[in-house]
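Visitor: Build me a structure from this.
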Amino acid sequence: MIEKIPNEPHKAVLRTAVAATVLIAVGAFVLSFAALTDLAQRSGINANLAWIWPIIVDGMIVASTVAIVALNGHSRRAMIYPWSLLFFGAIVSTAANSVHAILTVSAQHSDIPPVVSALVAAMPPVVLLAITHLTVHMYQKKAEAAEMRAIAEHDEEAVESEKYGLAYDDGFQAAMADAQAAEAERLEAARQKAADDVARARVEGKLEGSKAATRPSAPAAAPNANGAKADNANQGAKNGKVQVLTPAKNGASPLYDEVAQSIDSKN
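Guide: Got it, this is the predicted structure:
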């Protein structure tokens, strides 16, 4: 069964999540900065240096949040340290804001219960932690969906390549079979043509021999430079072989029997 590929989060959704995370981080930092600065002054830190305390606590939260977003897609082991820093900074900030809220309500003799005040003060760092985890989770799911889609496309390309390779092999084998059949037909036609040429040459030789036998014999040739040729012709007549000469353009007179014998020897 093919696993269904989940939809990738749209870029606009991811950008909205990042913008919301940044906005919440800024708001949480502002509220926490004021509360932690006042708490630092009440704890005995000089008023001129009290602002450093929230920078340290909330700065650790901001830095770890940026690290988690930047390391998105890495192994879980690589994400342990930045997440540990984020949880530690969020716990410290939440506890400090809660303590400051309780002290403030007690000093002002407000009707609001200290627990409610502590929850209100703890909400910004808790929400920042939750929204950061949500944003990172969205990016992780986007990376997983993109990886699954890439694997599925690669598998489809491999299947198509295998089909093309099989089709190519089948076509090549069919082409080779057709070529071999055509070559066999060509050789058979060549052999048949050679046999026909031999038969035709023999028949024509016999016909020419019959015609020459019915012709009156030529007078004896006077001894001259062609005496040797005449003797050879007479000797051939005595032996029962009649050689028929066919005039050609260049003066040559090949014998049909010799042509037939040469073709037989070649075949």
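Visitor: Can you name the secondary structure element that comes next after the helix or strand hosting residue 36?
Guide: Element membership for residue 36 (DSSP states H and E) is helix 11-42. Following helix 11-42 in sequence order, the next helix or strand is helix 52-70 (DSSP H and E).
Visitor: buried stuff in that following helix?
Guide: Neighbour-count burial for helix 52-70 flags 53, 54, 57, 58, 60, 61, 62, 64, 65, 67, 68 (criterion: 16 or more other C-beta atoms under 10 Å). C-beta coordinates here come from the backbone N, C-alpha and C atoms, glycine included.
Visitor: sorry, back to before: and the angle from the helix holding residue 36 to helix 52-70?
Guide: 160 degrees (axes from the mean of the first three to the mean of the last three C-alpha atoms, to 10 degrees).
Visitor: biggest helix in the protein, by residue count?
Guide: Counting by DSSP state H, the longest helix found in the chain is helix 114-214.
Visitor: ok so, going back, report the distance from the helix holding residue 36 to the chain centre.
Guide: Remark: helix 11-42 is offset 46 Å from the chain centroid, using C-alpha atoms, centre = their mean, to the nearest Å.
Visitor: Could you list every helix and strand in contact with that helix?
Guide: Packing contacts for helix 11-42, counted by 3 or more C-beta pairs under 8 Å, 6 or more residues apart in numbering; DSSP states H and E, involve helix 52-70, helix 76-108, helix 114-214.
Visitor: low pLDDT regions in this structure?
Guide: Along the chain, segments meeting pLDDT under 70 span 1-9, 73, 155-171, 215-267.
Visitor: any chance of the helices and strands packed on helix 11-42 in JSON lines, plus distance to residue 36?
Guide: Shown next, in JSON lines, are the helices and strands packed on helix 11-42 (distance: least, C-beta to C-beta, whole Å):
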{"stretch": "helix 52-70", "distance to residue 36": "4"}
{"stretch": "helix 76-108", "distance to residue 36": "5"}
{"stretch": "helix 114-214", "distance to residue 36": "10"}
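Visitor: related to what we said a few turns ago, buried ones in the helix holding residue 36?
Guide: Neighbour-count burial for helix 11-42, counted by 16+ other C-beta under 10 Å, picks out 17, 21, 24-25, 28-29, 31-33, 35-41.
Visitor: got it, and stretch 202-219?
Guide: Result for stretch 202-219 [16+ other C-beta under 10 Å]: buried residues 202, 205, 208, 209.
Visitor: Hey, what's the angle from the helix holding residue 36 to helix 76-108? Just curious.
Guide: Using the same axes, to 10 degrees: helix 11-42 against helix 76-108 is 50 degrees.
Visitor: Contact partners for residue 72?
Guide: If you count contacts by C-beta atoms under 8 Å, 6 or more residues apart in numbering, residue 72 has them with 136, 139, 140, 143.
Visitor: which SS class is it?
Guide: Secondary structure state of residue 72, per DSSP: H, G, I helix; E, B strand; the rest coil, is coil.
Visitor: mind checking how far it is from residue 61?
Guide: Plainly put, residue 72 is 17 Å away from residue 61 if you go by C-beta to C-beta, to the nearest Å.
Visitor: Skip the chain neighbours and tell me the closest residue to residue 106.
Guide: Take residue 106 and drop its neighbours on the chain: the residue closest to it by C-beta to C-beta, 6 or more residues apart in numbering is residue 114, 6.6 Å away.
Visitor: follow-up on the earlier one: Serialize the buried residues of helix 52-70 to a markdown table and add fields for distance to residue 189.
Guide: Converted to a markdown table, the buried residues of helix 52-70 look like this (distance: C-beta to C-beta, whole Å):
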| residue | distance to residue 189 |
| --- | --- |
| 53 | 104 |
| 54 | 101 |
| 57 | 99 |
| 58 | 96 |
| 60 | 93 |
| 61 | 92 |
| 62 | 90 |
| 64 | 87 |
| 65 | 86 |
| 67 | 83 |
| 68 | 82 |
